[in-house]
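S.K.: Build me a model:
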Amino acid sequence: MSDVPPTVASHGCANPAAVARRVRELARESGFQRCGISGVELGEDEDHLRDWLARGLYGTMEWMARHGDKRSRPRELVPGTLRVISVGLDYGRDDGGEAWRTLADRERAYVARYALGRDYHKLMRNRLQKLAERVQEEIGPFGHRVFVDSAPVLERALARNAGLGWIGKHTCLIDRDGGSWFFLGEIYVDLPLPVDPPASAHCGTCVRCIEVCPTQAIVAPYRLDARRCISYLTIEHEGAIPEELRPAIGNRIFGCDDCQLVCPWNKFAQRTDEPDFRARNDLDTATLPQLFAWDEDEFLRRTEGSPIRRSGHERWLRNIAVALGNAPSSPAVLTALASRRDHPSPVVREHVAWALAQHDSRLSCARG
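M.R.: The predicted model follows:
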């Protein structure tokens, strides 16, 4: 981007409001269900982020602290930025009932709804880039950069300021017309477009998300301790999962949706069925022993194009071992665990040993 951003008029359009309206129209045509425009001032959010980091609530996600204030200062990340176009893309289907049934069946594996299908990053990035190109075709070249979890961006705060929704007590973004089941993406632009009014909060006195969290990771409204969060523990965290948290993980092997499943705003949300986000490899119905049997080659083959691949095979087995330790002591479960007792990875072996010990303890109690 140029350090001296051009005006909208210099792009062949003297009406910034008309450009903003056209951006929203093109966003809808590009497959995004929501779109808004915000400024770049994030002072209060920067203070909140600094406090969160100072308390060490980010766990081992050093990249959260490494970029300093660039996350909350778009102009420092991309010089010349004047506005941020935020978009939302719905994912999954209306399957809350089935999700709860899977969580209640401890021999089945629970995978976060966003990870059942293809990885959203590439899909959203391509759509955002094409959106920017379509705008350029109409108004001429302008400075821009597209982001989908690809740089230090305070995306939820920017989306809130763009009117896409408010940040709930579970720290997810909530749209009163669409719930929280949607991905976010951004285009930083050097166009002085009119901004949208920020979304107002509508959580009220509700604390269902705080109460339902299996590991009590939401330590206060709008405050998440990542070190206790199942999504962090099963996806981002390397090494051993703290023993005291393993029983609460249940059968969640990749991510966790409880705080969203219980949110009243999701009960009435209209969800869009994006074909790329439909469940693959029967991940919405598979049993723990079935998935635990995948060797590394099969894991890599089945998770090609999936967000699950980033966790790697070792963490995949580690997570399933914990879930198997929480499962009923059936022959299938015990046989699956025994098959990995001598796995080359010390992390996998440690979690398998813990799981087997859980079953030994239960069986001893049952025998009296």
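
S.K.: quick one, strands of the stretch 201-350 of the chain?
M.R.: Here the stretch 201-350 of the chain has its strands, by DSSP state E, counting those that start in this stretch, at 218-220, 223-224, 252-254.

S.K.: what is residue 84 paired to in the beta sheet?
M.R.: On the basis of DSSP bridges, residue 84 takes part in beta bridges with residue 38, residue 188.

S.K.: burial count for it?
M.R.: Residue 84 sits with 28 neighbouring residues when counted by other Cβ atoms under 10 Å. Every residue, glycine included, has its C-beta placed from N, CA and C.

S.K.: one step back: tell me the most buried of the strands of the stretch 201-350 of the chain?
M.R.: Most buried of these, by mean neighbour count (mean count of other Cβ atoms under 10 Å): strand 252-254, with a mean of 28.

S.K.: Which residues does that strand contact?
M.R.: 103, 109-112, 115, 214, 230, 234-235, 288, 291, 308, 311, 316, 319-320, 322-323 (Cβ atoms under 8 Å, 6 or more residues apart in numbering).

S.K.: list the buried ones in the lengthiest helix in the chain?
M.R.: Taking DSSP state H as the criterion, the chain has its longest helix at helix 346-367. Neighbour counts over helix 346-367 (16 or more other Cβ atoms under 10 Å) mark 347-352, 354-356, 358-359 as buried.

S.K.: Could you give the average pLDDT over that helix?
M.R.: For helix 346-367, mean pLDDT rounds to 92.

S.K.: Which other helices and strands does it contact?
M.R.: helix 312-326, helix 331-339 (3 or more Cβ pairs under 8 Å, 6 or more residues apart in numbering; DSSP states H and E).

S.K.: now these as a markdown table including distance to residue 126, mean neighbour count and mean pLDDT?
M.R.: What follows is the helices and strands packed on helix 346-367, written out as a markdown table (distance: least, Cβ to Cβ, whole Å; neighbours: other Cβ atoms under 10 Å; pLDDT from 0 to 100):
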| stretch | distance to residue 126 | mean neighbour count | mean pLDDT |
| --- | --- | --- | --- |
| helix 312-326 | 25 | 24 | 98 |
| helix 331-339 | 39 | 16 | 98 |
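
S.K.: between the ones you listed, which one is nearest to residue 193?
M.R.: helix 312-326 (41.6 Å; Cβ to Cβ).

S.K.: packing partners for the closest one?
M.R.: helix 246-249, strand 252-254, helix 288-292, helix 296-302, helix 331-339, helix 346-367.

S.K.: helix/strand/coil for the closest residue to residue 278 other than its chain neighbours?
M.R.: Distance criterion Cβ to Cβ, 6 or more residues apart in numbering; nearest residue to residue 278, sequence neighbours excluded, is residue 117 at 5.2 Å. Under DSSP: H, G, I helix; E, B strand; the rest coil, the three-state class of residue 117 is coil.

S.K.: so residue 117 touches residue 273, yeah?
M.R.: No. Using Cβ atoms under 8 Å, residue 117 is not in contact with residue 273; the gap is 10.5 Å.

S.K.: okay, these two: which has more neighbours?
M.R.: Each of residue 117 and residue 273 has its neighbours counted (other Cβ under 10 Å); residue 117 has more, 23 against 11.

S.K.: Next, work out how far apart that one and residue 183 are.
M.R.: Going from residue 117 to residue 183 by Cβ to Cβ, to the nearest Å gives 12 Å.

S.K.: Cool, thanks, signing off.
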